[in-house]
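Q: how would this look folded up:
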Amino acid sequence: MSGSRELLISGNWKMNLTHFEAIQYVQELAALLRAGPLRAGRALSLHPPFTALRSVQTALESDSVPVALGAQNCHESEKGAFTGEVSAEMLSKLNVSYVIVGHSERRQYFAESDQLVRAKADAVLRREMTPIICVGESLEERESGEALPKVSCQLEAAIGGRSAAVVGGLVIAYEPIWAIGSGRTATVEDAEEMAAHIRTEVERLAGEEAASFVRVQYGGSVTPESAGDLLVCKDVDGLLVGGASLKAESLYEIARAR
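A: Predicted coordinates for the structure are as follows:
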């Protein structure tokens, strides 16, 4: 990890934990952080379901817990007749700092296109929050040698034409979809290869300065056991953690790895 880029560990709870469970989680995490704060240059964000956002916000702020509040998704429009959706403005009013856009599950199960992912990133940026833009390839794409071109296309759609200042402030999360639930394991070398490719593409699209500041997370079945090796990769600046983030102690161990 570059010493000039803050390392960000993000816990994506997906469709798990009620708001009661979320409050207990934050209390447990707060106690762990009081007993052993994270080292300088490391930050945490929690991404609960929409139903727990207000509860988590209150729990974090009332105890001054040094953790950023994040969301898992948002609608691309400011407001309107979109039953069941949540706007970026609604999230910003809850002091949300980070919003995941284009997660592989959103792309796969909800047919989110590259164009829609860009529109959602636009909505997040308009409300002065930071999008965590997810990119990644399927097993078929990796086996056919299309992994790098696929990620390049996703990046171009999401960040092409943006200023260096905007791109440098983004977080890009690489999800090796082929390694999630497939029985195959992404190696540290796989993670570093794609993280380096992402940084090279950012430089092509937005310049050297943007590439030096943008944070690249790795998000493929991260565990407390694998986190340390991943975090020493030169171009990996954090982790997007799924299942292992559902227990406060597990996420804490990942954030403290190495």
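Q: Endpoints of stretch 169-177, how far apart?
A: 25 Å (CA to CA, to the nearest Å).
Q: Residue 162 in helix, strand or coil?
A: Judged by DSSP: H, G, I helix; E, B strand; the rest coil, the three-state class of residue 162 is coil.
Q: Name all residues that make contact with the residue lying closest to residue 8 once chain neighbours are set aside.
A: Closest residue to residue 8 apart from its sequence neighbours, by CB to CB, 6 or more residues apart in numbering: residue 238 at 3.8 Å. Just so you know, the C-beta spots here come from the backbone N, C-alpha and C atoms, and that holds for glycine as well. By CB atoms under 8 Å, 6 or more residues apart in numbering, the contact list for residue 238 reads 7-10, 171, 215-218, 231.
Q: okay if I get those as JSON lines plus neighbour count?
A: Formatted as JSON lines, these follow (neighbours: other CB atoms under 10 Å):
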{"residue": "7", "neighbour count": "21"}
{"residue": "8", "neighbour count": "24"}
{"residue": "9", "neighbour count": "26"}
{"residue": "10", "neighbour count": "26"}
{"residue": "171", "neighbour count": "21"}
{"residue": "215", "neighbour count": "22"}
{"residue": "216", "neighbour count": "28"}
{"residue": "217", "neighbour count": "26"}
{"residue": "218", "neighbour count": "28"}
{"residue": "231", "neighbour count": "22"}
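Q: Taking the residues you listed together, which two end up most distant?
A: Farthest-apart pair in those is 171 and 231; separation 15.1 Å (CB to CB).
Q: Tell me the confidence at the closest residue to residue 215 other than its chain neighbours?
A: Distances taken as CB to CB, 6+ apart put residue 237 closest to residue 215, at 4.1 Å, once the chain neighbours are dropped. Residue 237 carries a pLDDT value of 96.
Q: ok, now how distant is residue 237 from residue 105?
A: 22 Å (CB to CB, to the nearest Å).
Q: just to revisit the earlier point, return the member of the contacts of residue 238 nearest to residue 77.
A: Looking across the contacts of residue 238 and measuring by CB to CB, the closest to residue 77 is residue 171, at 22.7 Å.
Q: Next up, the contacts around the closest one.
A: Applying CB under 8 Å, 6+ apart, the residues near residue 171 are 8, 10, 98, 130-133, 214-217, 238.
Q: how far away is it from residue 124?
A: In terms of CB to CB, residue 171 sits 11 Å off from residue 124.
Q: which residues do the two both contact?
A: Common neighbours of residue 171 and residue 124 (CB under 8 Å, 6+ apart) are 130-131.
Q: So which bits of the longest helix along the chain are buried?
A: In the chain, with assignment by DSSP state H, the single longest helix is helix 188-206. Neighbour-count burial for helix 188-206 flags 188, 190-195, 197-199, 201-203, 205-206 (criterion: 16 or more other CB atoms under 10 Å).
Q: Between residue 237 and residue 105, tell me which one has more neighbours.
A: Taking other CB atoms under 10 Å, residue 237 and residue 105 do not tie; residue 237 has more neighbours (25 against 19).
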